[in-house]
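>>> Okay, structure incoming, though there's no sequence with it:
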């Protein structure tokens, strides 16, 4: 009595799309054997049940399966993702602050690179504002997307503010009189003088 | 030139007399207080002797010293020197034989020094009894032997000016009479003989042409131009002399010199006279009473040199040589030979007496001019046609030049090179220097080679006197910026004969050609001061403005004052009157529609000095530019400079009630007459050298107490805020904050100046000429009065250096290396087209020219810049990028196929 066969889909690392393992594994054989010994008493009925199991295709179920994911859950996920995107710049702020603090106020290659980065990032994020929310718009999140964009934009602005503060503390901003003195015009003279010792 | 010896600039360097020997010469200097001997072969000083003086009376400086030096004719190796009350003898090999001090009496003045084989005779005038006291001192040891006296009719001053001594004779001129007084030479012969020679009119000059123990020749010149020559022969075995006139026909302006040679039978007499550009010589031999073998020579001079000032005739190894100094300072050596006279040496010694310097830019090249023209039009169409036509003409001239090059080659290369030297270079580094010398010769000197381009001699030249120096105003009438018009320069000087007459000469600085329209010698007023107008009038020419003795202002050439001066900005004129010791400020108001060419000045202020004498006035350079209005401090705030262009520095000198000499320095505002700074230094000696620039002043003096040269630096600041950022007026109520520091200089100072650059961005350096011949460039930061005593981080941020009183000079900052230049009287600095570069021209006994870079060369590539590497690496990168691009695209395609 070798008619009973069971097949199971195993996770296979290969690129094969599908396959049916006709040879049952050892464990399966043990379970079948156990079942067979248990069912020796009622003989034919068990064999018939085994036959039906082996004949149906994989994943096939006679019972109707109910739809488990509800619509409300989907909305909640979408909102969470959109807020993630909107608050992204703000979340990076502490890291940038640490960067700025680490760079110091002296002029070196590192500090200048960090200042450039501090300016570059928020400007890039501001310009990529529409593309960041493009996927959400595709999925049809209307309504409060303007609020999200505003939060995103303001978050980027905090980065810019940090960059300006860094420039200020490094002395790169022309906020003193001394920064403009080179551009001052010469004073015009209101009087002209000439003369010297007299010859006689 | 084989060797040269520069003497001291003080009184010890003033030569009283030179006594020539065969191998060396003995030079007596310093009013008979120094004797030294120089060897001809190598110029080494063989020996030097100083007079031993026991009395160091300080009042001696004020009394005019009198000094007589004679060589003993009977013992040629002995020299007797009479210096006021000191009589000493030296031998030619450097031994002081003896030195005695003649007792001083206020009424007794030692005047004459004579020598015989046994005695040294001093004639002293006793002004009480009008007698000449003749004292005899032993020649061997200086012991007083005996004395006698004779009546004397001249006073001390006349005796010095009108009398000369010769052997044992005193010759004195008294109007048209020459008295010959024979001083007895031995003790047993005591009678003084006086004889007279009558001249046709007042005798102007007596010159001793030749002197020996037995024979002498003198020249008497009368004021009517008549010149007579007398020959003196000693009578046998007496101390008396016979004389007779030599019949020689002389022109009124001719000079006479006599040469003796062992080979010659008698003396040869040379008569020389200058006539325009020609020198005429007559050489004759003196034979008892007549002249024989007269021969004439004449030599053509390369330029007009004026009259003869000095003539020496000598016969060296049968070569007749004439050495002349001309009125223009030229040194000439002329060789007289059988085939005529020949000029063998000509040196422009006038260049050692420069008093005024100006620089002119060189002219634009033809191509540069075309570019100026090309973009010069107005209106679209005319500009377009101009560009097309000028470019076509450029193309044509290029082909013509090529043709010329092929057909003629390098034939007129010299001419082209000379032309190229006169064309402005790319950065306007090469200029032309116009120098005026105190003898009246004006030179045009090219800076790149130092070659003299042209020279002009003005015969009746006399400079204006300027405290202790002389001064000639030299102006840019038209600058080289107007390429369509030639540039013009003017000098103003006095007439040599009548000092109230003023001459104006205007010339082209490139060629020296006089511009006759702007040249005059007759101004109808006495000039008190001259300056340049602020506005250009006709054809970009500025005019000269004269203040006359009636305080009226005139223009030359006469144009309305409203065109010469700005009518919107008021003009103030200040004059220093030496007799009143006062500065007087005048206000000049000009109405716009007024056509007057002269107007009266209104006095508005007066600053007079009492108990102190003004010894110098210093103005800032007209080219002074201030780029930055303030100094940035360490905390990034601004300290605004007080840059008042109307300030002048005044130096006064005096003695206070404790008899301590002092020097005062003032900064005087010439618009309001207010003093902005005053410093007093006690126990300090002039000369005070000043640099006034931007908002600071640096001056140097000699500190008598510590015996060292010191410099004081002061800066004026408005403070943290500026009163008015757009305009400056002297009437603004600004009280400048003054900061000062004093420094010790490592060397003495002969002259001092600050570098000038075009925009004033470059930092300033002080150029200092020292008595030992160095020109030192010291950064102004070392003189900064804000140098702190203890350095805070804020000061360090600002770049200040900690204060140390000594200014350290390292030898790298000597800009003339080992080319030492002596007795520098002035330094002239000019800006160039490059902001980093300033031109320095130092003048005095020597001339020196160089370029300096106060902030290093920041606007030029270094000399060792490798153009090849940069060029080839650029090419390599371009090629490499193309190759890399191709490889990258191949790589991309391959990847896509995978």
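Ah, there it is. Keep in mind that this is a model prediction, so the values were computed, not measured.

>>> need the next SSE after the worst-scoring helix or strand of chain A on mean pLDDT, C-terminal direction.
Of the helices and strands making up chain A, the lowest-confidence element is helix A:44-55, at a mean of 51, by mean pLDDT, DSSP states H and E. Remark: after helix A:44-55, the chain's next helix or strand is helix A:71-103, criterion DSSP states H and E.

>>> Excluding residues flanking it in the chain, which one is nearest residue 104?
Using chain A here. residue A:111 (5.9 Å; Cβ to Cβ, 6 or more residues apart in numbering or on different chains). The way it works is simple: take the backbone N, C-alpha and C, and place the C-beta from them, glycine included.

>>> Actually, chain B is the one I wanted.
Per Cβ to Cβ, 6+ apart, closest to residue B:104 is residue B:85, 5.1 Å.

>>> Could you give the number of residues near that neighbour?
21 (other Cβ atoms under 10 Å in any protein chain shown).

>>> which residues touch it?
By Cβ atoms under 8 Å, 6 or more residues apart in numbering or on different chains, the contact set of residue B:85 is B:101, B:102, B:103, B:104, B:110.

>>> wouldn't residue B:52 be in contact with residue B:99 here?
Yes. The criterion here is Cβ atoms under 8 Å, and residue B:52 meets it with residue B:99 at 5.4 Å.

>>> what is in contact with those two at once?
Common contact partners of residue B:52 and residue B:99 (Cβ under 8 Å, 6+ apart): residue B:88.

>>> Settle it for me: which of the two has more neighbours?
For residue B:52 versus residue B:99, neighbours defined as other Cβ under 10 Å are more numerous around residue B:99 (16 against 12).

>>> beta partners of that one?
residue B:88 (DSSP bridges).

>>> hang on, the earlier thing: Throw the contacts of residue B:85 into a markdown table and include secondary structure and neighbour count, thanks.
As requested, the contacts of residue B:85 are exported to a markdown table (DSSP: H, G, I helix; E, B strand; the rest coil; neighbours: other Cβ atoms under 10 Å in any protein chain shown):
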| residue | secondary structure | neighbour count |
| --- | --- | --- |
| B:101 | strand | 15 |
| B:102 | coil | 17 |
| B:103 | coil | 7 |
| B:104 | coil | 12 |
| B:110 | strand | 22 |
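
>>> ok, of those, which one's closest to chain A?
residue B:110 (37.9 Å; Cβ to the nearest Cβ).

>>> Now do the same for that closest one: its pLDDT.
pLDDT recorded at residue B:110 is 77.

>>> Tell me which residues touch residue B:785, please.
B:696, B:713, B:714, B:715, B:739, B:740, B:741.

>>> can we see that at 7 Å?
B:713, B:714, B:715, B:739, B:740, B:741 (Cβ atoms under 7 Å, 6 or more residues apart in numbering or on different chains).

>>> Roughly how far does the fourth one sit from residue B:626?
Put plainly, it is residue B:739. According to Cβ to Cβ, to the nearest Å, residue B:739 stands 17 Å off from residue B:626.

>>> Following the strand or helix carrying residue B:309 in sequence, what is the next regular element?
Following DSSP H and E, one finds residue B:309 within strand B:308-316. Scanning forward in sequence from strand B:308-316 by DSSP H and E, the next helix or strand is strand B:319-326.

>>> Give me the neighbour count for residue 84.
Just so you know, I chose chain A. Neighbours of residue A:84 under the rule other Cβ under 10 Å: 10.

>>> actually chain B
For residue B:84, the count of nearby residues is 21 (other Cβ under 10 Å).

>>> do residue B:340 as well
Per other Cβ under 10 Å, the neighbour tally for residue B:340 reads 11.

>>> okay, it: pLDDT?
pLDDT for residue B:340: 84.
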